[in-house]
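# From the sequence below, what's the structure:
(one chain, ligands or ions: 2)
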Amino acid sequence: MKTRFITHPHYMKKEDFPPTVMALGYFDGVHVGHQRVICSAVQIATEKGYKSAVMTFHPHPSVVLGKKEQHVQLITPLKEKERLIAQLGVDYLYIVEFTAEFAELLPQQFVDQYIIGFHVKHVVAGFDFTYGRLGKGTMETLPFHSREQFTHTTVPKLTRNGEKISSTYIRQLLKNGEVCQLPELLGRFYTVEGTVISGEKRGRTIGFPTANIELADDYLLPALGVYAVKVKIGGETFEGVCNVGYKPTFHDKREGQPDIEVHIFNFSKDVYGEAVTIEWHKRLRSEQKFSSIEQLVAQIERDKEQAKAYFRNLSENTCVLPQKDVF
Ligand SMILES: Cc1cc2nc3c(=O)[nH]c(=O)nc-3n(C[C@H](O)[C@H](O)[C@H](O)COP(=O)(O)O)c2cc1C
Ligand SMILES: Nc1ncnc2c1ncn2[C@@H]1O[C@H](COP(=O)(O)OP(=O)(O)OP(=O)(O)O)[C@@H](O)[C@H]1O
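Numbering: from 1, shown residues only. Ligands and ions are numbered 1, 2, ... in the order given. Reported below is the predicted structural model:
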């Protein structure tokens, strides 16, 4: 896949682009709804004999439009989104810089400059895709704005238990720690990438050495708590238990970002500085303040047994959420 960054305004001509079938959207998470949109574009491109393309935007529109937070943590930061889209067999990824000026384009201007102007022959987007100033352009207005230069396919709503599968829904589940539900929505376990850094070096002394992880990007972390995880290091995958939190047993104040520490089962290598991927499987419990180290250690021992039991059953696809009162 070839990636092109495009700043606004752009001065490229239609002839600078190959004719394409293009999927449009922000695509944070590249979830199964997004995959349906992108895979439709790839399939239609093959049928029509064109190249396939995805157009996405950067940064997240709400950062620029200042709607909610000034800063949006992502399910898939840009590099990972790019990697996942490439895996779907897309030929071109266009990353359009989302600026306040870009957001002011009228729907017709957006279509003229970024669809017709990009040599797009067919557009694929979901039923709720909007474009142009204030999102006034919709899939219903697209034929009018197309000036008969391209056709389009609207992908119907993909739902799960009656709820639209969306980046917003997935972010909410992550904030609740419900990582167990994500494989159904993402088509994969939720992962984050980082590097092993040195921690307070207490873990070893209490019988639970941990790899402290610094995230490589601005990922949305699951809720504070303890999780059964898989960890990929140097091409190998290990099972473990991970704590996301502030270690209230040892610290009274919550300062800065929470620590991410993984106790990897049957592992004793020195991995400082190595790149790791954490795959989030199941939330086990909330982080707690213990009145002694012995109690903390006994609880981590139970966490470990619970995680091992989960992994033993994983091949049977069981993923049972803890009871509500555990949260
Ligand atoms: C599976 C797991 C569960 C943990 N649960 C808690 C907890 O509930 N409360 C707490 O204060 N610390 C918890 N911790 C953090 C430990 O206190 C921490 O790993 C230990 O202090 C070592 O920290 P260090 O590696 O930064 O030296 C947990 C750690 C792991 C690996
Ligand atoms: N569940 C879905 N079913 C069909 N199409 C979808 C679905 N979710 C997203 N799409 C389409 O995928 C493209 C990218 O969508 P977008 O990035 O807005 O994602 P979203 O998951 O709806 O996010 P948000 O929660 O921020 O609205 C758009 O064309 C959108 O209409």
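
# Quick check: bridge partners of the closest residue to H122 other than its chain neighbours?
Nearest residue to H122, sequence neighbours excluded (C-beta to C-beta, 6 or more residues apart in numbering): V21, at 4.3 Å. C-beta: built from backbone N, CA, C; applies to glycine. V21 has the following beta-bridge partners by DSSP bridges: S52, H122.

# Tell me if I'm right that V21 and A53 touch.
Yes: between V21 and A53 there is a contact at 7.1 Å, judged by C-beta atoms under 8 Å.

# Spit out the residues that contact those two alike.
41, 120 (C-beta atoms under 8 Å, 6 or more residues apart in numbering).

# thinking again about what came up before, for the residue nearest to H122, give its distance to V155.
13 Å (C-beta to C-beta, to the nearest Å).

# which residues do these two both contact?
The contact sets of V21 and V155 overlap at V124 (C-beta under 8 Å, 6+ apart).

# if you count what's nearby, which of those two comes out ahead?
Each of V21 and V155 has its neighbours counted (other C-beta atoms under 10 Å); V21 has more, 28 against 22.

# Return the residues in contact with that one.
41-42, 44-45, 48, 50-53, 120-124.

# Between those, which sits nearest ligand 1?
Checking the contacts of V21 against ligand 1 with C-beta to the nearest ligand atom, the nearest one is V42 at 41.1 Å.

# Give me the secondary structure label for the closest one.
At V42 the chain is in helix, as set by DSSP: H, G, I helix; E, B strand; the rest coil.

# does it really touch S52, like I thought?
Yes: contact between V42 and S52 holds when scored by C-beta under 8 Å: they sit 4.5 Å apart.

# Which residues are in contact with each of these two?
Residues touching both V42 and S52 by C-beta under 8 Å, 6+ apart: 21, 89-90.

# Can you tell me the closest non-neighbouring residue to F5?
In space, F5 comes closest to I95 once its chain neighbours are excluded; the distance is 5.1 Å by C-beta to C-beta, 6+ apart.

# which residues does the one you found bridge with?
Note on I95: beta-bridge partners by DSSP bridges are F5, T56.

# Find me the pLDDT at it, would you?
Note on I95: pLDDT of 98.

# which ones are touching it?
Taking C-beta under 8 Å, 6+ apart, one finds 3-6, 56-58, 78, 82 in contact with I95.

# want to try CSV for those residues, with pLDDT as columns?
Formatted as CSV, the contacts of I95 follow (pLDDT from 0 to 100):
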residue, pLDDT
T3, 98
R4, 97
F5, 97
I6, 97
T56, 98
F57, 96
H58, 94
L78, 96
E82, 98
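
# Can you turn the buried part of these into a PyMOL selection?
To isolate the buried members of the contacts of I95 in PyMOL, using 16 or more other C-beta atoms under 10 Å:
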select buried, resi 4+6+56+57+58+78+82
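
# just curious, which of the contacts of I95 is nearest to ligand 2?
For these, the nearest to ligand 2 is T56 (7.9 Å; C-beta to the nearest ligand atom).

# Touching, the closest one and E97? I think so.
No: judged on C-beta under 8 Å, T56 makes no contact with E97 at a distance of 10.9 Å.

# returning to that earlier point: from the contacts of I95, pick the one nearest ligand 1.
Using C-beta to the nearest ligand atom, L78 is the member of the contacts of I95 that lies nearest ligand 1, at 30.0 Å.

# so what's the backbone phi/psi at that closest one?
Phi and psi for L78, reported as degrees, to the nearest 10, are phi -50, psi -50.

# OK, contacts around the closest residue to it other than its chain neighbours?
Nearest non-adjacent residue to L78, counting by C-beta to C-beta, 6+ apart: H58, 5.9 Å away. Applying C-beta under 8 Å, 6+ apart to H58 gives the contacts 78, 95-98.

# Make TSV from these and add distance to ligand 1 to it.
Output for the contacts of H58, formatted as TSV (distance: C-beta to the nearest ligand atom, whole Å):
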residue	distance to ligand 1
L78	30
I95	37
V96	42
E97	39
F98	38
